[in-house]
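**Q** Pasting the sequence and the predicted coordinates here, then a few questions.
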Amino acid sequence: MISINGSTENISFPECFVSRYRTADSSALKVAVYVLMNGTADESSIAEELGISQSAAQRSVEFWKDAGLFVEGTASAVQVPQEKPLKKARRHMTQNQIAVALLGNEDYAVLLQESQRLLGRELSASESRLLIETITECELSVPSLLMLESYWLNTEPAKNVLTRTASTAREWSELGVRTHEAAESALALMEKRYEHAKEVASLLKTDTSEFSRKDRRLINKIYEDYGYDGAFISEVLVRNPDANLPYISSVLKDWNKKGYRSISDARLLSAPPASVSADRMYDSLDTESLFLKAVRKINESKEDN
């Protein structure tokens, strides 16, 4: 949601903007936002409204035309964005606002003091602001936020603890986690997932830090959706020692679909065909050769007689 001249409108960016904005200069970025908000690519209006030169406006419009931001043939028509609306930008609190918050709630001072104790050092001004912003925005209790901070302190490098704490707290807020009981449940799930990731990392002879978000989602599916554990992953690795996580996930997805609930199921039901018996081997011989040999024997018998 972006406030424009006192009104509130949903603004989202098309994929072509997202893929090209990194190579756009400041004028082009201003022009793109202006066009998306106003629905017009009139170069004179753009130059006047944004305070840029006519040539800069023209160059920027051409840049976004080539990128596909405008519907072909109608430079003033803007594609209807299909992506999800942008999330509301988070506003930073001023030093005065932080001071007022600390004076109005003694628990906030406790949060900063306990955070310093956990980290074993004094917090910087920006770190203090981050924690106060997080707790006021996410409506978590001080014990809940400290509990989350302790978790990340045990699983992440110290320099990442506060940013990870803040990002997780916001994720919890979006999921409706407000009470301390709900926070404990959410943290218990995080701890369980971390143990699962450690087990998989050990089996793959890597480190949990090497897993991307996509990798972690695959691990969650294996353990939570399929109900499998490290033994199943090991079984796949026995069959294919070079298997990576996506491959392992695809195999286990197939096993789950087929209803394999134990390692015995996987070994029995997905085992390769048994070796061919002697009778089957005889059946598989070249029947034409056998026939010719039989005819030869009969002819030889006749000649002897």
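**A** On my side now, so go ahead. Numbering: from 1, shown residues only.
**Q** For the helix or strand that contains Thr165, enumerate the helices and strands it packs against.
**A** Remark: Thr165 resides in helix 161-174, with elements defined by DSSP states H and E. With contacts taken as 3 or more CB pairs under 8 Å, 6 or more residues apart in numbering; DSSP states H and E, helix 161-174 sits against helix 125-138, helix 142-155, helix 180-203. C-beta here means a position set from N, CA and C on the backbone, and glycine is covered the same way.
**Q** Kindly state the pLDDT recorded for the residue nearest to Ser141 when sequence neighbours are not counted?
**A** Counting by CB to CB, 6 or more residues apart in numbering, Ser141 lies nearest to His180, which is 5.4 Å off, once chain neighbours are set aside. pLDDT, His180: 91.
**Q** Next one: His180 from Trp172, what distance?
**A** Applying CB to CB, to the nearest Å, the value for His180 to Trp172 is 12 Å.
**Q** ditto for Ile248
**A** 30 Å.
**Q** re the thing from before, distance to Asp265 and mean neighbour count for the helices and strands packed on helix 161-174 - can I get that in JSON lines?
**A** Putting these into JSON lines (distance: least, CB to CB, whole Å; neighbours: other CB atoms under 10 Å) gives the following:
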{"stretch": "helix 125-138", "distance to Asp265": "44", "mean neighbour count": "18"}
{"stretch": "helix 142-155", "distance to Asp265": "34", "mean neighbour count": "19"}
{"stretch": "helix 180-203", "distance to Asp265": "20", "mean neighbour count": "15"}
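**Q** can I get these in TSV with distance to Gln97?
**A** Listed next are these as TSV, based on distance: least, CB to CB, whole Å:
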stretch	distance to Gln97
helix 125-138	9
helix 142-155	18
helix 180-203	25
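**Q** what's the closest of the ones you listed to Leu102?
**A** helix 125-138 (7.2 Å; CB to CB).
**Q** Which neighbouring elements make contact with the helix or strand containing Ala57?
**A** Using DSSP H and E, Ala57 maps to helix 54-67. With contacts taken as 3+ CB pairs under 8 Å, 6+ apart, helix 54-67 sits against helix 15-20, helix 26-38, helix 43-50.
**Q** List the buried residues in it.
**A** Residues 56-57, 59-61, 63-64, 67 are the ones in helix 54-67 that count as buried (16 or more other CB atoms under 10 Å).
**Q** Also compute the angle for that helix relative to helix 26-38, please.
**A** With axes from the mean of the first three to the mean of the last three CA atoms, to 10 degrees as the basis, helix 54-67 and helix 26-38 are set at 70 degrees to each other.
**Q** CA atoms of helix 54-67 as PDB?
**A** In PDB, the C-alpha atoms belonging to helix 54-67 read as follows (Å, rounded to 0.1, in the frame of the first residue of the first chain):
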ATOM      1  CA  GLN A  54      13.200  16.500 -21.700                       C
ATOM      2  CA  SER A  55      16.000  14.300 -23.100                       C
ATOM      3  CA  ALA A  56      16.300  12.400 -19.800                       C
ATOM      4  CA  ALA A  57      12.500  11.800 -19.800                       C
ATOM      5  CA  GLN A  58      12.700  10.600 -23.400                       C
ATOM      6  CA  ARG A  59      15.700   8.400 -22.800                       C
ATOM      7  CA  SER A  60      14.000   6.800 -19.700                       C
ATOM      8  CA  VAL A  61      10.700   6.200 -21.600                       C
ATOM      9  CA  GLU A  62      12.700   4.500 -24.400                       C
ATOM     10  CA  PHE A  63      14.500   2.400 -21.800                       C
ATOM     11  CA  TRP A  64      11.300   1.100 -20.300                       C
ATOM     12  CA  LYS A  65       9.700   0.600 -23.800                       C
ATOM     13  CA  ASP A  66      12.600  -1.800 -24.700                       C
ATOM     14  CA  ALA A  67      12.100  -3.500 -21.300                       C
END
